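Q: Pasting a predicted model and its sequence here:
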Amino acid sequence: MSQLNLTLSPIGIIHSPYKEKFSVPRQPNLVQDGVGTIRLLPPYNQPEAVRGLEHFSHLWLIFQFDKVPVGKWQPTVRPPRLGGNQRIGVFASRATHRPNPLGLSKVELTGIEINKGQVLLHLGAIDLVDGTPIFDIKPYLAYADSEQNAKSSFAQHPPEAKLQVVFSPKAQTQLVKCSAKYPNFQRFISEVLQQDPRPAYHQASTSERIYGMRLYDFNIRWLVKNGAWVEVIDIEESE
């Protein structure tokens, strides 16, 4: 059988509050304020291309893991939901390091905006880094895509919040300055950190260590204490 080589071109780009993959939730709908927008690219930014899409509540997005080194894949991976200690086949996982760096995400469609040559699809909570290329958009069909009796091996239920989150006096003062532009910023930061974005091999550690992540146009620094709770110590606007 001859080998098929396929060249893909993005039809759109994601705009997201997640500026790096470190802070991105491992699935959509885990962080309610982590919403995003797809901006369609020419020549696909035509109102006709999304005609009728407003009648669907959810979409399937096919995207590229563009922050993953090309060719860095292995036949087995260590899913974070298994503590990063157990290996399973790459095709039995949603790992980012795959033979072809393609991802699939089901997201809520909250609105369509057509303005001055721009076609924007406003989405609910997503799991995508800012700037992620989108290769295709398909409507979610409830009768075909939903399986009432479906089962999952190691992720049958949503993950529980792992960490308690508190804010230092300095961070609380900084949040006041952010509130006009991002009124739910404290809740957003808390929900991201409650999911424990650290690598799985760090999560069992009880040593205090300062981490950083970028959300919107801010650098967030936080400290894990006793392996059970987080203190946000600094919220600094990026230059």
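A: Alright, I've got the coordinates.
Q: Which helix or strand contains the closest residue in space to Ile126 that isn't next to it in sequence?
A: In this structure, Ile126 finds its nearest non-sequential neighbour in Gly36, 4.3 Å apart by CB to CB, 6 or more residues apart in numbering. Where C-beta positions appear, they are placed from N, C-alpha and C, glycine not excepted. Using DSSP states H and E, Gly36 sits in strand 35-40.
Q: How about Arg187?
A: Per DSSP H and E: Arg187 is located in helix 185-194.
Q: Next SSE downstream of the helix or strand of the chain with the lowest mean pLDDT?
A: One helix or strand of the chain scores below all others by mean pLDDT, DSSP states H and E: helix 200-203, with a mean of 69. Scanning forward in sequence from helix 200-203 by DSSP H and E, the next helix or strand is strand 209-215.
Q: picking up where we left off before, name the strands paired with the strand holding Gly36 and say parallel or antiparallel.
A: strand 12-15 (antiparallel), strand 118-125 (antiparallel) (DSSP bridges).
Q: between the longest one and helix 185-194, how many degrees?
A: Yep, that's strand 118-125 we're talking about. Per axes from the mean of the first three to the mean of the last three CA atoms, to 10 degrees, the angle that strand 118-125 makes with helix 185-194 is 60 degrees.
Q: quick one: buried residues of strand 118-125?
A: Judged by neighbour count using 16 or more other CB atoms under 10 Å, the buried positions of strand 118-125 are Val119, Leu120, Leu121, Leu123, Gly124, Ala125.
Q: continuing past the strand holding Gly36, what's the next helix or strand?
A: Next along the chain after strand 35-40, taking DSSP H and E as the criterion, comes strand 58-64.
Q: Packing partners of whichever helix or strand comes after that next one?
A: As assigned by DSSP H and E, the chain's next helix or strand after strand 58-64 is strand 76-77. Counting contacts by 3 or more CB pairs under 8 Å, 6 or more residues apart in numbering; DSSP states H and E, strand 76-77 is packed against strand 88-89.
Q: Now tell me what touches the strand it packs on from outside.
A: If you take CB atoms under 8 Å, 6 or more residues apart in numbering as the criterion, strand 88-89 is touched by Pro75, Thr76, Val77, Pro79, Leu82, Ser153, Phe154.
Q: how about 10 Å then?
A: Gln74, Pro75, Thr76, Val77, Arg78, Pro79, Leu82, Ala95, Ser153, Phe154 (CB atoms under 10 Å, 6 or more residues apart in numbering).
Q: So what are the sheet partners of that strand and their directions?
A: Partner strands and pairing direction for strand 88-89 (DSSP bridges) are strand 76-77 (antiparallel).
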